[in-house]
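Q: would you be able to build a 3D model of this:
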Amino acid sequence: MNSSGNNRPLIIPGLGGLYTALGEVSETILRVVAGAALVVHGSGKIINPMGSVGMVESLGFYPGVFWSPLLAATEFLGGILLVIGLMTRPAAFATMIVLAVTIYFHGFVQGQGWSGSEKSILWTAILFFFVIRGASNHSVDARLGREF
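A: Coordinates of the predicted model:
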């Protein structure tokens with residue numbers, strides 16, 4: 001195994017130390033940026049938690065007065081949990097489900113196909129990474145010595 005974490009030899013072996021040193025930091029940066037983006041995206045919904053009632057009902061989620069605030073809380077609070085790395089896997093899972101629904105909404109309900117659901121697909125993949133991987137050592141989960 002080489003320092004990049006797999007059995008394939010590096011084309012430039014001298015970069016192995018750099019990859020090892022920055023691997024965990026890069027995961028932390030991805031988690032923090034993803035969480036921060038979810039907080040920003042969810043902030044409008046948390047200010048007006050009933051603002052998405054019509055949209056969630058158009059997707060078949062009834063009653064919208066239940067699902068709309070849940071959507072707002074999932075994006076906003078899930079994003080905060082990802083930023084700090086607390087309950088990382090459940091937070092990533094919940095937000096991943098929300099983003100998977102947006103793939104369906106933009107791609108199929110609104111008929112936008114790939115171009116309309118492209119960002120949601122990318123977000124879902126990023127969140128899936130953290131569902132499986134969890135947080136890095138730069139997280140509250142690591143400080144607590146426990147993670148889901």
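Q: counting by contacts, list what whatever helix or strand G17 lives in packs against.
A: Following DSSP states H and E, one finds G17 within helix 16-47. Under the contact criterion of 3 or more Cβ pairs under 8 Å, 6 or more residues apart in numbering; DSSP states H and E, helix 16-47 touches helix 64-84, helix 88-104, helix 113-133. Yep, even glycine has a C-beta here, placed from its N, CA and C like the rest.
Q: switch the cut-off to 6 Å
A: helix 64-84 (3 or more Cβ pairs under 6 Å, 6 or more residues apart in numbering; DSSP states H and E).
Q: buried sites along the helix it packs on?
A: For helix 64-84, burial by neighbour count (16 or more other Cβ atoms under 10 Å) applies to 64, 67-69, 71-72, 74-84.
Q: tilt between that helix and helix 113-133?
A: 60 degrees (axes from the mean of the first three to the mean of the last three Cα atoms, to 10 degrees).
Q: quick one, what contacts the residue nearest to the spatial centre of the chain?
A: The centroid of the chain falls nearest to L127 when counting by Cα atoms, centre = their mean (3.4 Å). Going by Cβ atoms under 6 Å, 6 or more residues apart in numbering, L127 touches A92, T95, M96.
Q: pLDDT weak spots in this structure?
A: 1-6 (pLDDT under 70).
Q: how does it look with 90?
A: 1-8, 20-21, 23, 55-56, 58-60, 102, 104-116, 136, 146-148 (pLDDT under 90).
Q: now do the SS call for P49.
A: coil (DSSP: H, G, I helix; E, B strand; the rest coil).
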